[in-house]
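Peer 1: Give me the fold of what follows.
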Amino acid sequence: MKERHFYSSKIKSLILLIISCVFTFGLSYTDFKDENIFIIGILSLGIALFSFGILYSILLLVRTEPLLTVTDKQIIVYNVLRKPTFIKFDEVTLFFIVDMRHYGIKTSSYICVIMNQPKKNPNVLDKVSTTVFPQLKGIRYSIQTDILNVKAKVLLELLNSRIRPYSLLDMENKF
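Peer 2: Got it, this is the predicted structure:
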């Protein structure tokens, strides 16, 4: 099979740019002279946050490289501000979708990756999270599907079709 490339959704990036610009310029024109220091700090933090949203959406709009590449042997997740992440299908047990919801409205969607082996050198946050939530032990990566130009279920079917089906004997020998 050949490689499949998934690019950023330009429509969602444009919506993010418009919303960030509206909030940044709206907060910038607020009169600060009668406010206390806490309100000024919160408004300044909001301006900084939405200014980063403007920068991030512009980076997504002008980006010509894919954000995700699926080959026969691996997944390559290209981050906008970091180095790419390589996930080999031989090391993956399962993919599944997680939707984040706020008052019943879906706010974001992720495809989580359960690996065959947990991290070799987990950091403190990983140790605490696996102690509190032991079911998260094998989850090492997640792919945010909201900014991709593909539906999460379609991508999930593609990823699950690339996993080598294990028999019960293989699974018992690994554990």
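Peer 1: In contact with the residue nearest the centre of the chain, which residues?
Peer 2: By C-alpha atoms, centre = their mean, the chain has its centre lying nearest to residue 144, at 2.9 Å. Listed by C-beta atoms under 8 Å, 6 or more residues apart in numbering, the contact partners of residue 144 are 108, 109, 110. Glycine gets a C-beta too; all of them are placed from N, C-alpha and C.
Peer 1: repeat that for 10 Å
Peer 2: By C-beta atoms under 10 Å, 6 or more residues apart in numbering, residue 144 lies in contact with 67, 68, 77, 79, 108, 109, 110, 111, 152.
Peer 1: On the pLDDT front, check it for me.
Peer 2: For residue 144, the pLDDT comes out at 80.
Peer 1: same thing with residue 51?
Peer 2: The model reports residue 51 with a pLDDT of 92.
Peer 1: Wait, a helix at it?
Peer 2: Yes: under DSSP: H, G, I helix; E, B strand; the rest coil, residue 51 falls within a helix.
Peer 1: That one touches residue 58, doesn't it?
Peer 2: No: the pair residue 51 and residue 58 fails to qualify as a contact (C-beta atoms under 10 Å) at a distance of 11.0 Å.
Peer 1: Which neighbours do the two have in common?
Peer 2: Listed as contacting both residue 51 and residue 58 by C-beta under 10 Å, 6+ apart are residue 20.
Peer 1: which residues in the protein form strands?
Peer 2: Along the chain, counting by DSSP state E, strands occupy 4-6, 68-70, 74-77, 85-88, 92-102, 105-115, 139-144.
Peer 1: returning to what we had before: show me what the residue nearest to the centre of the chain bridges to in the sheet.
Peer 2: residue 110 (DSSP bridges).
Peer 1: Out of the contacts of residue 144, which comes closest to residue 98?
Peer 2: Relative to residue 98, the closest of these is residue 110; by C-beta to C-beta it sits at 4.9 Å.
Peer 1: what's near enough to touch the closest one?
Peer 2: 96, 97, 98, 99, 100, 141, 142, 143, 144, 145, 146, 152.
Peer 1: could the residues you listed go into JSON lines alongside distance to residue 41?
Peer 2: Shown next, in JSON lines, are the contacts of residue 110 (distance: C-beta to C-beta, whole Å):
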{"residue": "96", "distance to residue 41": "40"}
{"residue": "97", "distance to residue 41": "38"}
{"residue": "98", "distance to residue 41": "33"}
{"residue": "99", "distance to residue 41": "33"}
{"residue": "100", "distance to residue 41": "27"}
{"residue": "141", "distance to residue 41": "35"}
{"residue": "142", "distance to residue 41": "32"}
{"residue": "143", "distance to residue 41": "35"}
{"residue": "144", "distance to residue 41": "29"}
{"residue": "145", "distance to residue 41": "34"}
{"residue": "146", "distance to residue 41": "30"}
{"residue": "152", "distance to residue 41": "37"}
